[in-house]
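> just to be clear, the model below is a prediction. Sequence and coordinates:
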Number of protein chains: 2
Amino acid sequence: MSNPLFLGIDGGGTRCRARLADHAGVTLGEGIGGAANIRLGLDVAWTAIMEAVDGALAQAGLTREVLSRTHIGLGLAGITGVADQQRVAASAPVPFAGILSDTDAFTACLGAHAGADGAILISGTGSAAQIIIGGQGRGIGGWGFEVSDLGSGAAMGRDAVRAALLGYDGLGPETGLTRAVMEKLGGDPPAVVAWVGPARPGDYGSLAPMVLEHARLGDAVGERLVREQADHLVMHIRRLLELGAPGICLMGGLGPVLLEWMPPWVGDVLVAPKGDAMAGGVLLAMRGVAR
Amino acid sequence: MSNPLFLGIDGGGTRCRARLADHAGVTLGEGIGGAANIRLGLDVAWTAIMEAVDGALAQAGLTREVLSRTHIGLGLAGITGVADQQRVAASAPVPFAGILSDTDAFTACLGAHAGADGAILISGTGSAAQIIIGGQGRGIGGWGFEVSDLGSGAAMGRDAVRAALLGYDGLGPETGLTRAVMEKLGGDPPAVVAWVGPARPGDYGSLAPMVLEHARLGDAVGERLVREQADHLVMHIRRLLELGAPGICLMGGLGPVLLEWMPPWVGDVLVAPKGDAMAGGVLLAMRGVAR
């Protein structure tokens, strides 16, 4: 029982997943916890992490006793630099054999390419790209809904609301899509204003399927809105290639859907992911031993 | 002393101004109060209105006694329909001879064209257009920063932040402007994310002078950002002409500044405002007598 164990954590903004693996990388157990974005506070993040860890231990038939010989690799939303990584390590509620952390995008990229160099482009409600070259990671985009996250469902939905208002006011074309969006949001600008007030990125993102549906039926505004988001993703892909990515995984709920709106060469540079973000966490944890 | 008096109220989101005029339209006094946006609550709005009214009465050497023969015309931010107008009239804290209300954009337009048909296009932190044809008003755009207000300082500033991040990530051109914006907001994406978190439209709008300055020096990104907002205003102007506006007043802190970025024909359709929003309020109040 003296072999080291490895925990890979995928800590996102909505939930946290943990995978326990042995030194050969074989999965022993998995668990789930709450949101582990460190901007919610380190206490909150670690509570969610330990909830997921306890689940993984239980599934493996083990207890917290093994954690002192366990290396943990944490992919956490909200990590922005070395200072955050040190704070995460210093605030661990139990002693681990080793603690390494990085962004959840980094571990997702590590997992997708099984530890090799490569890049990922995630497009769902938000969007973000990550590239790892020579083991060093770099995030591209993904700086939030308001001023970044181009090529995302939230951006597509917001542009649809904008187009709906422009159509209503006669400032832009009025189509089946713009009318459907107006209708869904209450029928007139004051109702739209009331809808927008508390709207979060997820609310805007919930309009994306409607946009995609109309685009597929040839709606001129829908087609433009979808193509714009697809173009934004292609812009990210060009940049990742320019930075030397040997292969790119296109992930998230929207990314693969937009592929058919991208130029044909894009398919040639995409590769399927080899593992998930928890696998990336395990690989990060193993780096702690290799050092 | 039995002649009717007229109060014109310009009730905006930051302050409220009142002008008392006699039946010939001669100003007797003016006053100032707090924000009168009815979305803050009718009590709050009326408190601000009465504060401004009391100031105007004092300046005219009159007391609230005259209000029973005074018609009041209220231009209030946040009014979205007849139901709001009825609620405003029903909640008046003192008896007036007549109460008419409309949006602050409507009274601004009424004042700008001295009661005649015409249109206004306001571009400052936000943007909005208003047209009055045959005495009937219609608002165009101005449905808020998130999904509308195209051709505004806030939109220009937000686009500048977006361009700065794109430049930083190598997703777009990096210029003197994009570097200056990054620098101003903290130097790296995490600092920008922290700045964006609590940012209001006014914060984004505060970046507009920097964009304009760089654009005038030939910065490629600055020029594009300025031209885009100018184009949005031209789009509004085309629409106002299409709706039959005999003349358009271009107002606000940014509108006239952007004129030099617009095509030459625009200057031919613009006219100078004949009066302010309080004058429009007085004209609205006089409509109550004419009926």
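Okay, I see it. Just so it is clear, the model here is predicted, and its values are computed rather than measured.
> chain B contacts on the stretch 151-291 of chain A?
A:158, A:161-162, A:165-166, A:169-171, A:189-190, A:192-193, A:196, A:199, A:235-236, A:239, A:242-243 (Cβ under 8 Å from any Cβ of the partner chain). All C-beta spots, glycine's among them, are computed from the backbone N, C-alpha and C.
> show me which of those residues are buried.
A:158, A:161-162, A:165-166, A:169, A:171, A:189-190, A:192-193, A:196, A:199, A:235-236, A:239 (16 or more other Cβ atoms under 10 Å in any protein chain shown).
> got the end-to-end distance for stretch A:269-279?
By Cα to Cα, to the nearest Å, the extent of stretch A:269-279 from end to end equals 23 Å.
> got the contact list for that stretch?
A:8-10, A:17-19, A:30, A:75, A:104, A:107-108, A:110-114, A:118, A:120, A:237, A:241, A:247-251, A:259 (Cβ atoms under 8 Å, 6 or more residues apart in numbering or on different chains).
> can you give me the distance of residue A:86 to residue A:79?
11 Å (Cβ to Cβ, to the nearest Å).
> more neighbours, these two?
Counted by other Cβ atoms under 10 Å in any protein chain shown, residue A:86 and residue A:79 do not tie: residue A:79 has more neighbours, with 25 against 12.
> go ahead and confirm the more buried one touches residue A:87.
No: Residue A:79 is beyond contact range of residue A:87, at 9.3 Å (criterion: Cβ atoms under 8 Å).
> tell me, what's touching the two both at once?
residue A:38.
> now do the contacts for residue A:244.
Residue A:244 is in contact with A:117, A:131, A:133, counting by Cβ under 8 Å, 6+ apart.
> domains of chain A?
Segmentation of chain A into domains, based on automatic domain parsing, reads A:5-114+A:274-290, A:153-269.
> ranges for the strands of the stretch 51-200 of chain A?
For the stretch 51-200 of chain A, the strands defined by DSSP state E, counting those that start in this stretch occupy A:70-76, A:98-102, A:118-123, A:127-133, A:136-140.
> can you name the residue of the stretch 1-150 of chain A nearest chain B?
Closest to chain B within the stretch 1-150 of chain A is residue A:80: 3.8 Å, counting by Cβ to the nearest Cβ.
> quick check: the residue nearest to that residue when sequence neighbours are not counted vs residue A:139, distance?
Spatial nearest neighbour of residue A:80, chain neighbours left out: residue B:190 (3.8 Å); criterion: Cβ to Cβ, 6 or more residues apart in numbering or on different chains. Note on residue B:190: its distance to residue A:139, by Cβ to Cβ, is 10 Å.
> one more: residue A:176?
Counting by Cβ to Cβ - residue A:176 and residue A:139 are separated by 38 Å.
> just residue A:149 next, same as before
As judged by Cβ to Cβ, residue A:149 and residue A:139 stand 12 Å apart.
> those two: which has the busier surroundings?
Neighbours per residue, other Cβ under 10 Å: of residue A:149 and residue A:139, the larger number sits with residue A:149, 23 against 19.
> CA atoms of the longest helix along chain A as CSV?
What stands out as the longest helix in chain A, according to DSSP state H, is helix A:220-242. Below are the C-alpha coordinates for helix A:220-242, written out as CSV (Å, rounded to 0.1, in the frame of the first residue of the first chain):
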residue,chain,number,x,y,z
ALA,A,220,-31.0,35.5,-43.6
VAL,A,221,-30.5,37.0,-40.1
GLY,A,222,-30.1,33.6,-38.5
GLU,A,223,-27.5,32.6,-41.1
ARG,A,224,-25.5,35.7,-40.5
LEU,A,225,-25.6,35.3,-36.7
VAL,A,226,-24.5,31.7,-36.9
ARG,A,227,-21.8,32.4,-39.5
GLU,A,228,-20.4,35.2,-37.4
GLN,A,229,-19.9,32.9,-34.4
ALA,A,230,-18.4,30.2,-36.6
ASP,A,231,-16.1,32.8,-38.1
HIS,A,232,-15.0,33.8,-34.5
LEU,A,233,-14.1,30.2,-33.8
VAL,A,234,-12.2,29.9,-37.1
MET,A,235,-10.3,33.0,-36.0
HIS,A,236,-9.3,31.2,-32.8
ILE,A,237,-8.3,28.1,-34.7
ARG,A,238,-6.0,30.1,-37.1
ARG,A,239,-4.3,31.6,-34.0
LEU,A,240,-3.8,28.2,-32.4
LEU,A,241,-2.2,26.9,-35.6
GLU,A,242,-0.1,30.0,-35.8
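> appreciated, that's everything.
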